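**Student:** Pasting a predicted model and its sequence here:
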Amino acid sequence: MHRLAAALLALATSALLAPSSFVSASTSWPTDASWLQALQKRATRKTCHVQALGSGQDDSPNIISAFNQCQNNSLIVLDGNYTVGKLLVTNFNNVEIQLTGSLQYTNNISYWSPNSLYLTYQNATTFWFLSGKNVYLHGPGTIDGNGQIWWDTYATNKNSGVAGGSSTTFARPIPLTVGNATNVVVENLRIVQSPFWSKNVVYQGLHLSSISSSSNPTANSDAIDIYRSDKVSIRNWVVDNDDDCVSFKPNSTNIAVQDLFCRGSHGISVGSLGQYKNETDIVENVYVNNITMLNAQNGARIKVFPDNPDPNSVKGGGLGHTFSNFEVQNVDYPILIDQCYNVNNATFCAQYPSKLSISDVHYYSVHGSSSGVNNATVAQLKCSAQCEDITAAKTNLIPPARFPEAQYICQNIASKNSCLSIIAQLDVMKLQLDAQIHGQAWAKQVVLIHRINGLLEKYLTPTE
C-alpha cells in the first residue's frame, strides 16, 4: 500500500459532518467550527512575523525558522512578498497562518527535482507539506507555483510517468499538500501557476489559475486532487485550468464539493482509479452540487483504468456519487463513465476489462450544452461489467443546433433505475440510445424503462 498521499492525507474527522443523504438536494455540509473559534480567541498565543528580504532573495530560512518557533498555539503573519527556494515541511498544532502577501517558489528545476518531498502516488512531489491539528491558513494572499518554466521544459522533454503523472527525474511539485492532518481550513487564497496538482483538505473561497503565457500548454494543472482522505469540503472556488477541476483519487470518502465555477478544465472527475497493482481503490459518498462547467473536456466524469495481463490486477469499487445542479456549456462530454481510461485500444480493453465496480451514481439537474466535438453525443456511460443503480432526474442536455437530436451512449448499465432513466426525464428533445443497451434506437418524446425480472418493459409516450 502507498504510504504517502499525492492529493492529501488529511483526515478532517472533527471538522466536517457528512450529509445524511447524498441523494438529497441539500446544498450545505455543516462543520464543527468550535476548534477554529477557540483558536482565534486564544488570548495567550505566540506571534511570529516574517519580514520579507526582497530583491528575489531566498526567504525560506526565515520562514522555516518562524514555522519552527511558532508551531504550537501561535499566530504566523506572512504579509510580504516572499521567495521560497527550500522545501517546507510543517507540523502545526493550534496555529493560525495569515498569508496576506505572496509565497512564490523559485523556478530552480535542478534543485526541486531531487529536493521536493516525494509523495509516491503518480510520482507526485510537493513544495510544501502541511500537517498537524487545528490549522487555519487564510488570505487574502497568493501561493505562486512559478509553473511556466516547468510547462515549457515539459513541452520539450515530455518526461512524465503513467497517465501524465510526474516522473522521478523531472519533478513538477505541487504548491501545497495537506496531509496527516485533522481539522484544517484553508480559505480566501489565490493559487497560480501550479507545475502539477494542487492538493488540499478544506478549501473555500479560492481562485486558482494555471494558464500558460507561452505557446506551450500547461501540464497536469489539476486544481485540487483528494487522495486517501475522509470528510473533506470544497466550497466557493473559481478555477481556470486545463486539467481536472476536482479529482477524487483512490480512497477518498465523504467528500462535498459545492459552488464551483470551472473554465477550460477536464471536469469534476472520480479517478483515475485502478492504476496500481495490488491496491484497493475506493471512492464513496461524494456529493457534488451547484457547478458551472464552461468550455471543458468533461462535465461529470468517472475514469477507471482497464485491467492488464498481469494476474495481480487491481480491484476496487465506488459507491455513492451524486452530481446535482450541474450546468455545462460547450463541454465535450457533459456526462462520462470511462472504464478504459488512458488506453486507445478497444480490443485490449475488451480482453482485459476493468475489475473495479461502479454503483450508486446519481445525476440530478445536469443541464446545458455539449460542444459537438463528439457529434451529437451528450452522455457516454460505458462500463466493463454491469454498473448498478445509475439514475438521473431533470437532466436536460442538448448538442449544437446542427444536430437534430441528442445521443446517449450506454453500455453494461444494469439496475432498477438504469441508464435509460437519464432519458426518461427529457421531454423537450428527440433522443437516440446506443444499441448496446436495448437493441434499437428510439426517437420518442419520453422513454421510461423499468427493469423487471431481467426484462425491459417499455412505456412510450408517442409524439404527435
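**Tutor:** That came in fine, so what should we check first? In this text the structure is predicted, and so the values were computed from the model without any measurement.

**Student:** check contacts around K86.
**Tutor:** Each residue near K86 by C-beta atoms under 8 Å, 6 or more residues apart in numbering is listed here: D58, S60, P61, I64, N115. For the C-beta atoms, the positions are set from N, CA and C on the backbone; glycine is no exception.

**Student:** can you pick the most crowded of those?
**Tutor:** S60 (19 neighbours; other C-beta atoms under 10 Å).

**Student:** can you tell me which two in the contacts of K86 are farthest apart?
**Tutor:** Greatest spacing in the contacts of K86, by C-beta to C-beta: P61 and N115 (14.5 Å).

**Student:** coming back round to it: want to try a markdown table for the contacts of K86, with distance to G274 as columns?
**Tutor:** Shown next, in a markdown table, are these (distance: C-beta to C-beta, whole Å):
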| residue | distance to G274 |
| --- | --- |
| D58 | 42 |
| S60 | 38 |
| P61 | 43 |
| I64 | 39 |
| N115 | 31 |
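
**Student:** and the residues you listed as JSON lines, adding secondary structure, pLDDT and distance to C262?
**Tutor:** Compiled in JSON lines, the contacts of K86 are given as follows (DSSP: H, G, I helix; E, B strand; the rest coil; pLDDT from 0 to 100; distance: C-beta to C-beta, whole Å):
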{"residue": "D58", "secondary structure": "strand", "pLDDT": "98", "distance to C262": "35"}
{"residue": "S60", "secondary structure": "helix", "pLDDT": "98", "distance to C262": "32"}
{"residue": "P61", "secondary structure": "helix", "pLDDT": "98", "distance to C262": "38"}
{"residue": "I64", "secondary structure": "helix", "pLDDT": "98", "distance to C262": "34"}
{"residue": "N115", "secondary structure": "helix", "pLDDT": "94", "distance to C262": "32"}
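
**Student:** nearest to Q407, of these?
**Tutor:** The shortest approach to Q407 among the contacts of K86 belongs to N115, at 50.4 Å (C-beta to C-beta).

**Student:** Next, count neighbours for L88.
**Tutor:** Burial of L88 is recorded as 18 neighbouring residues (other C-beta under 10 Å).

**Student:** what do you get for Q51?
**Tutor:** A count of nearby residues for Q51, using other C-beta under 10 Å, gives 12.

**Student:** Nearest residue to it in space, ignoring adjacent ones along the chain?
**Tutor:** Nearest residue to Q51 in three dimensions, chain neighbours excluded: G80, at 6.6 Å (C-beta to C-beta, 6 or more residues apart in numbering).

**Student:** F67 and L78 touch, don't they?
**Tutor:** No - with contacts counted by C-beta atoms under 8 Å, F67 stays clear of L78, the gap being 10.1 Å.

**Student:** and A38, that's in a strand?
**Tutor:** No - the assignment for A38 (DSSP: H, G, I helix; E, B strand; the rest coil) gives helix, which keeps it out of a strand.

**Student:** Identify the residues contacting it.
**Tutor:** Contacts of A38 by C-beta under 8 Å, 6+ apart: none found.

**Student:** Could you report the distance from it to N93?
**Tutor:** A38 sits 13 Å away from N93 when distances are taken as C-beta to C-beta, to the nearest Å.

**Student:** hang on, the earlier thing: enumerate every residue touching the residue nearest to Q51.
**Tutor:** By C-beta under 8 Å, 6+ apart, the neighbours of G80 are V50, Q51, A52, G54, D59, G101.

**Student:** which two in these are spaced the farthest apart?
**Tutor:** Spatial extent of the contacts of G80 (C-beta to C-beta) is set by the pair V50 and G54 at 12.4 Å.

**Student:** These two: which has the busier surroundings?
**Tutor:** V50 (20 against 11).

**Student:** Quick check: pLDDT value at that one.
**Tutor:** Looking at V50, its pLDDT reads 98.

**Student:** Pretty sure it sits against D59.
**Tutor:** Yes - contact criterion C-beta under 8 Å: V50 and D59 qualify, at 7.0 Å.

**Student:** Skip the chain neighbours and tell me the closest residue to N412.
**Tutor:** In space, N412 is closest to C383, 4.1 Å off (C-beta to C-beta, 6+ apart).

**Student:** What is the neighbour count of that neighbour?
**Tutor:** Neighbour count of C383, defined by other C-beta under 10 Å: 25.

**Student:** Same check on N374?
**Tutor:** Per other C-beta under 10 Å, the neighbour tally for N374 reads 17.

**Student:** just A346 next, same as before
**Tutor:** Residues near A346, counting by other C-beta under 10 Å, number 9.

**Student:** what do you get for the one 5 residues further on?
**Tutor:** Using other C-beta under 10 Å, the number of residues around Q351 comes to 12.

**Student:** Fine by me, we can end here.
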